[in-house]
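just the structure for this:
(2 chains)
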Amino acid sequence: MARQAAAILLVEDSADDALLVSKAAEQTLGGVRLLRVPHGIAALQYLEGQGIYSDRTAYPFPEIVLLDLKMPEMDGFQVLRWIREHPKLKRLPVIVLTGSTLEDDSERAYENGANSYLVKPCDFSQLVETMKHFGEFWFGGTLLPNSGQ
Amino acid sequence: MGKRVLVAEDDPSDVFFLQRAFAAANVPANLHFVRDGQEAIDYLGGDARFADRTTYPLPDLMLLDLKMPRMNGFDVLEWLRIQPGLKRLLVTVLTSSDQPQDINRAYDLGANSYLLKPHSTNDLAEVVKRLQRYWLELNRNPVLLNQ
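Numbering: from 1, shown residues only, chains lettered A, B, ... in the order given. All right, here's what the predicted structure looks like:
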């Protein structure tokens, strides 16, 4: 069986930001699929494979979650807590990608079990750099846990 | 100011190659070494001979071997993640084990990331560069108490 391409689940409520992150990822993360859900509830459904997300060919289980913090209904902190308390998903690496530079937010993200915290740059060329280093680290030799299967 | 990296590694030749790799990669970091898990805990906890934080500062990143005498890397992670002032310290496991049970257990115990020790000097310099760019530059670090 051919090896499946690695997948990232991007949880991001802003369509504009999601587009910029996808474009930056396209330029830097060759061979990695980026799939996006627009809010926290959809992230839970995606990770559990509910509804349309039961089709794991179209919606592969991700190696890594890129998580925005400020989202309506269920925010990133709640998603993080849910993942860390989930018996099958608890070790899934979650990297926060947010516009917030507030220390309160980064402290709370680590408190809730984030593996890493990245600030989303406003400038597109800097976002490309961020995605490049993100990809080089997490998909360039880092060993990732098994979760969710 | 260079960032501080604490390396917990019992094998003297691995220590030697890591020092060389940091120098070769031109990484402006202050390296501190401890030889086993117990010494890592003594260092981080500021026990007796490590009480002077000018000489033995709290690190920005810890590189943690898994198989070590006295206390191993898993023991260190378990201890670390319940210490009020230290629990968010960034930890990257650097080990020669690629066993899934070790990888899973390390992430379960709160490792931020997990890397395999490369065999060649060039690959090790490359790993060190990636660690530096990601954990010491790009990532926004947590705040530790007493820092």
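
now do the phi/psi pair for the spatially most central residue of chain B.
Closest residue to the average C-alpha location of chain B: residue B:63 at 1.8 Å, with Cα atoms, centre = their mean. Main-chain torsions, residue B:63, degrees, to the nearest 10: phi -100, psi 120.

OK, contacts around it?
By Cβ atoms under 8 Å, 6 or more residues apart in numbering or on different chains, residue B:63 lies in contact with B:5, B:6, B:7, B:8, B:9, B:18, B:92, B:93, B:94, B:131. Just so you know, the C-beta spots here come from the backbone N, C-alpha and C atoms, and that holds for glycine as well.

filter the residues you listed down to the ones in helices?
Among the contacts of residue B:63, the members found in helices (DSSP state H) are B:18, B:131.

from chain B, how far off is residue A:122?
Residue A:122 is 15 Å from chain B, where distance means Cβ to the nearest Cβ, to the nearest Å.

around the nearest residue to that residue once chain neighbours are set aside, count how many other residues there are.
Distances taken as Cβ to Cβ, 6 or more residues apart in numbering or on different chains put residue A:99 closest to residue A:122, at 7.7 Å, once the chain neighbours are dropped. Residue A:99 is flanked by 15 other residues according to other Cβ atoms under 10 Å in any protein chain shown.

turn the contacts of residue B:63 into CSV, columns for distance to residue A:51.
Below are those laid out as CSV (distance: Cβ to Cβ, whole Å):
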residue, distance to residue A:51
B:5, 45
B:6, 46
B:7, 47
B:8, 45
B:9, 47
B:18, 48
B:92, 37
B:93, 36
B:94, 40
B:131, 39
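
so which of the contacts of residue B:63 comes closest to residue A:120?
Nearest to residue A:120, judged by Cβ to Cβ, of the contacts of residue B:63 is residue B:131 at 21.8 Å.

tell me the contacts of the closest one?
Applying Cβ under 8 Å, 6+ apart to residue B:131 gives the contacts A:137, B:61, B:63, B:92, B:115.

in strands only, show me those.
Among the contacts of residue B:131, DSSP state E puts B:61, B:63, B:92, B:115 in strands.

residue ranges for the helices of chain B, please.
Ranges of helices within chain B are B:12-24, B:37-45, B:73-80, B:100-108, B:121-131, based on DSSP H.

any chance of JSON lines for the ones you listed, columns distance to residue A:57 and mean pLDDT?
Formatted as JSON lines, the helices of chain B follow (distance: least, Cβ to Cβ, whole Å; pLDDT from 0 to 100):
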{"stretch": "helix B:12-24", "distance to residue A:57": "41", "mean pLDDT": "93"}
{"stretch": "helix B:37-45", "distance to residue A:57": "44", "mean pLDDT": "96"}
{"stretch": "helix B:73-80", "distance to residue A:57": "36", "mean pLDDT": "97"}
{"stretch": "helix B:100-108", "distance to residue A:57": "24", "mean pLDDT": "97"}
{"stretch": "helix B:121-131", "distance to residue A:57": "31", "mean pLDDT": "93"}
